[in-house]
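1. how would this look folded up:
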Amino acid sequence: MTSPFRLTTLIYALRDGQVLMLYRHKEPNLGLWVAPGGKIHDDESPRECAIRELREETGLEAIAPELRAIVTEVSPRKDWQWLMFVYRTQVASGTVRGDDREGRLRWFPVEAVPHLPIPQADAIFYPFVIDPVGPPVELKFTYDADLRLVAWSHVPIGTGGRGH
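-> I've put the predicted structure just below:
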């Protein structure tokens, strides 16, 4: 049996106190700011996917990407079952070159991102991802059929399941 989940990555690229965000020109998350990312290919690990997606969508190279979150999103809808691996990375200087089909890219101060129009789940997991000292986390978001967030939980990875 195949998994109902869409396997994806997000990668938050940091440079000089700023984070690179993508304003989506298509679904999912049309009209919202998100981190670059995409679907995991059959022949790659989540880390390899995050590095590839950052390069393809921005032209930037990841420097020692760190897994910061594993995010599960579930709903009664078959088209809204996601398993995301979320990374944080530093990037070297260089010119960002975007692909306008996906959206436009822009650097924001790290502290400004929660105030942008971003997906509700992203607003919840962003502080965990950006935190340079906290442990990685596993989060689960549950939506109703209209994709309204109805519940969420998180557990620090490596704590033996003691969560919040």
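2. okay, now the unreliable bits of the protein?
-> 1-3, 99, 159-164 (pLDDT under 70).
3. residue boundaries of the strands in it?
-> 6-15, 18-24, 33-34, 37-39, 62-74, 82-91, 103-109, 137-143, 149-156 (DSSP state E).
4. mind listing what's buried along the longest helix seen in the chain?
-> Longest helix of the chain, by residue count under DSSP state H: helix 46-58. Neighbour-count burial for helix 46-58, counted by 16 or more other CB atoms under 10 Å, picks out 46, 47, 49, 50, 51, 52, 53, 54, 57, 58. Using the backbone N, CA and C atoms, a C-beta is placed for each residue, glycine as well.
5. take these and write them to CSV, including distance to residue 25.
-> Output for the buried residues of helix 46-58, formatted as CSV (distance: CB to CB, whole Å):
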residue, distance to residue 25
46, 25
47, 27
49, 21
50, 21
51, 23
52, 20
53, 16
54, 18
57, 12
58, 15
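6. which one of those residues is nearest residue 139?
-> residue 46 (15.2 Å; CB to CB).
7. so that closest one touches residue 83, yeah?
-> No: contact criterion CB atoms under 8 Å: residue 46 and residue 83 do not qualify, at 9.3 Å.
8. quick check: neighbours shared by those two?
-> residue 7 (CB atoms under 8 Å, 6 or more residues apart in numbering).
9. if we can go back for a sec, ok, which pair from the buried residues of helix 46-58 is furthest apart?
-> Pairwise over those, using CB to CB, the maximum falls at 46 and 58, 17.9 Å.
10. the residue most central in space within the chain pairs with what?
-> For the chain, the residue nearest the mean C-alpha position is residue 10 (3.1 Å; CA atoms, centre = their mean). For residue 10, the beta-bridge partners under DSSP bridges are residue 37, residue 86.
11. and it, how far is that from residue 146?
-> 23 Å (CB to CB, to the nearest Å).
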